[in-house]
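>>> Please work out how this folds:
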Amino acid sequence: MWVRGFGYDHAGLPARRHPTRHDLDAAVPDRPALLMHFSHHQAVVNSRALAAAGITRATPDPPGGEIARDRAGEPTGLLFERALSLVEPPSREGWQDGFTDVARAACARYAALGITSIQDAAVSPAMSRHYARAREAGALGIEVSEIMVGSQGWFDPPRDAAAAGPLKIFVDGGYRCAMRLARDGRAHRTGFLFYEREALCALLLDTWRSGRSAVCHAIGNAGIETAVGAIEDALAREPAGRPRVRVDHAIFLTDELIARLAELQIWVVAQPSFLYDSGGVSPSPEIRLRPFATAARAGVRQAFSSDFPCGCNAPLLGMSAAVTRRSRRGDVCDGDEAVAAHAALQAYTLDAARAAGTDRECGSLEAGKRADLVVLSANPVECQTDAIASIEVRQTWAGGVRIFNRP
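Residues are numbered from 1 along each chain as shown. Got it, this is the predicted structure:
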């Protein structure tokens, strides 16, 4: 049985030396082991895991991924982006056996944060079956909707995804997203881009024609440019696809990309929690970093989420970051990109439900919708902005049932 762990670098903390297969060999010498980075876009495995996957010095890097190597050319155990697909799927099998208990405990933690519904943005066919069993057991105390990926790896085309639900399409990497930067008078592309514009357009058309929606992960400006171009091309051929596509993250934006996203009128789901976790600095003057206010003024349809476990999943901390642009260390990142408290609250509630396609059931307190609500220690749209992060969740109700009550 594989051993699987998480979080060898913690968001918001200074980066340390990457662990190697030798570190894991010492800790887990008797079986394959995988240690996942908090971003879920890189991992380190031990020697037994490399052997089980058939990864040697002769193994080529997969398209859109990298097998890190030492100076002698031997794999170090560190795998980036699509290289994870070589080892990650089998590592799930053991820990997923206890999924129902894990889901029950997770739902209780989410309820304590005031969360009444989530989207799991990377559900494999096996995981979808686990979710079905958890629902049957009554373990899901909050509403969970699923976005589907394939069985071979999160980042690969979702060809064998479970039959229901939106499809997740990773357009670029995460830890090493696709960026286009001007250097020495020329544009240079860095990071991992998983699709070119034409191929992504074809995949979107196939998705829509099968009656499904698509969620496009795009972080870097080159990745977002590819996603936006493919969506424009696909909509020219299938205009009815507009409400069935959205872009998640869109962290590094130019003014041109903001204008194109506003023109498309598709949902963009951003993560203020990343600001809280680690702040950040734009890599180039023409690239805006998480430009919430600029995007809103331009008319971009913008919702907020956490992307947990890649970012903190406390909505009030995320709301605080959107309003103050302040990290956990106290740094302020582009303060002029802050949004008003009422806009941040709507982005985490009604607009989040709209982006998820669930606004007929939740997202606001209206007759005919689920009675999902929270009781807070203070009103986040009336208190001082610096106080939002310290607001307590007193009660959480889902579907008219109280699922959390602070002692």
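>>> Residue 322: neighbouring residues, count only.
Neighbours of residue 322 under the rule other C-beta atoms under 10 Å: 30. All C-beta spots, glycine's among them, are computed from the backbone N, C-alpha and C.
>>> separation between it and residue 103?
In this view, residue 322 and residue 103 are 28 Å apart by C-beta to C-beta, to the nearest Å.
>>> so what's the backbone phi/psi at the residue nearest the centre of the chain?
Residue closest to the mean C-alpha point of the chain, counted by C-alpha atoms, centre = their mean, is residue 307 at 3.8 Å. For residue 307, the backbone dihedrals (degrees, to the nearest 10) come out as phi 60, psi 30.
>>> same check, this time on the one 5 residues further on
Reported as degrees, to the nearest 10, the phi and psi values for residue 312 are phi -60, psi 140.
>>> now swap in the one 3 residues further on and tell me
Recorded main-chain torsions at residue 315 are phi -60, psi -30, according to degrees, to the nearest 10.
>>> which residues touch the residue located most distally from the centre of the chain?
What lies farthest from the middle of the chain is residue 72; by C-alpha atoms, centre = their mean that is 35.2 Å. For residue 72, the contact set (C-beta atoms under 8 Å, 6 or more residues apart in numbering) is empty.
>>> To which secondary structure element type does it belong?
coil (DSSP: H, G, I helix; E, B strand; the rest coil).
>>> Pop out the phi and psi values for it.
Main-chain torsions, residue 72, degrees, to the nearest 10: phi -90, psi 0.
>>> do you know how far it is from residue 239?
According to C-beta to C-beta, residue 72 and residue 239 sit 55 Å apart.
>>> repeat for residue 403
Residue 403 is 41 Å from residue 239, by C-beta to C-beta.
>>> Counting neighbours, go ahead and name the busier of these two.
Applying other C-beta under 10 Å to residue 403 and residue 239 shows that residue 403 carries more neighbours, namely 19 against 8.
>>> Okay, and the more buried one sits in which element?
Residue 403 belongs to strand 401-405 when assigned by DSSP states H and E.
>>> Show me the contact partners of that strand.
With C-beta under 8 Å, 6+ apart as the test, strand 401-405 has contacts from 107-108, 111-112, 141-142, 393-397.
>>> ok, of those, which come out buried?
Judged by neighbour count, with 16 or more other C-beta atoms under 10 Å as the criterion, the buried members of the contacts of strand 401-405 are 107, 111, 141-142, 393, 396-397.
>>> C-terminal to whatever helix or strand residue 226 lives in, what's the next element?
Element membership for residue 226, per DSSP H and E: helix 221-237. Following helix 221-237 in sequence order, the next helix or strand is strand 245-249 (DSSP H and E).
>>> Parallel or antiparallel, which strands does that next one pair with?
Its sheet considered, strand 245-249 pairs with strand 214-218 (parallel), strand 267-270 (parallel) by DSSP bridges.
>>> before we move on, the earlier item: any chance of a markdown table for the buried ones among the contacts of strand 401-405, columns distance to residue 55, pLDDT and secondary structure?
Formatted as a markdown table, the buried ones among the contacts of strand 401-405 follow (distance: C-beta to C-beta, whole Å; pLDDT from 0 to 100; DSSP: H, G, I helix; E, B strand; the rest coil):
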| residue | distance to residue 55 | pLDDT | secondary structure |
| --- | --- | --- | --- |
| 107 | 36 | 96 | helix |
| 111 | 41 | 98 | helix |
| 141 | 40 | 95 | coil |
| 142 | 39 | 96 | coil |
| 393 | 45 | 98 | strand |
| 396 | 45 | 98 | strand |
| 397 | 49 | 98 | strand |
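>>> Among those, which one sits closest to residue 223?
Taking C-beta to C-beta as the measure, residue 223 lies nearest residue 142 of the buried ones among the contacts of strand 401-405, at 30.6 Å.
>>> now that closest one: how far from residue 397?
In terms of C-beta to C-beta, residue 142 sits 11 Å off from residue 397.
>>> Touching both of these two, which residues are there?
Counting by C-beta under 8 Å, 6+ apart, the shared contacts of residue 142 and residue 397 are 116, 403.
>>> so how many other residues sit close to residue 378?
14.
>>> So which residues of this protein form helices?
In the chain, the helices defined using DSSP state H lie at 21-27, 47-53, 88-96, 99-112, 125-136, 197-209, 221-237, 255-264, 273-278, 292-298, 315-324, 341-348, 350-356.
>>> List the contacts of the shortest one.
Pointing back at helix 273-278 there. Outside helix 273-278, the residues that touch it by C-beta under 8 Å, 6+ apart are 11-12, 251, 280, 290, 306-308, 310-314, 317-318, 320-322, 325-328, 333.
>>> ok, now with 6 Å
For helix 273-278, contacts defined as C-beta atoms under 6 Å, 6 or more residues apart in numbering pick out 11-12, 306, 311-312, 317-318, 321, 327-328, 333.
>>> next one: the fifth one
Residues from elsewhere that reach helix 125-136, judged by C-beta under 6 Å, 6+ apart: 96, 99-100, 103, 140, 151, 162.
>>> tell me the mean pLDDT for that helix?
Averaged over helix 125-136, pLDDT sits at 94.
>>> what does stretch 230-244 give?
Stretch 230-244 comes out at a mean pLDDT of 97.
>>> Buried residues, it. List them.
Across stretch 230-244, burial judged by 16+ other C-beta under 10 Å covers 230-231, 233-235, 241, 244.
>>> farthest pair in these?
The two members of those with the most space between them (C-beta to C-beta) are 233 and 244, at 15.2 Å.
>>> returning to that earlier point: could I get the strands paired with strand 245-249 in JSON lines, plus columns for mean pLDDT?
As requested, the strands paired with strand 245-249 are arranged in JSON lines below (pLDDT from 0 to 100):
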{"stretch": "strand 214-218", "mean pLDDT": "98"}
{"stretch": "strand 267-270", "mean pLDDT": "98"}
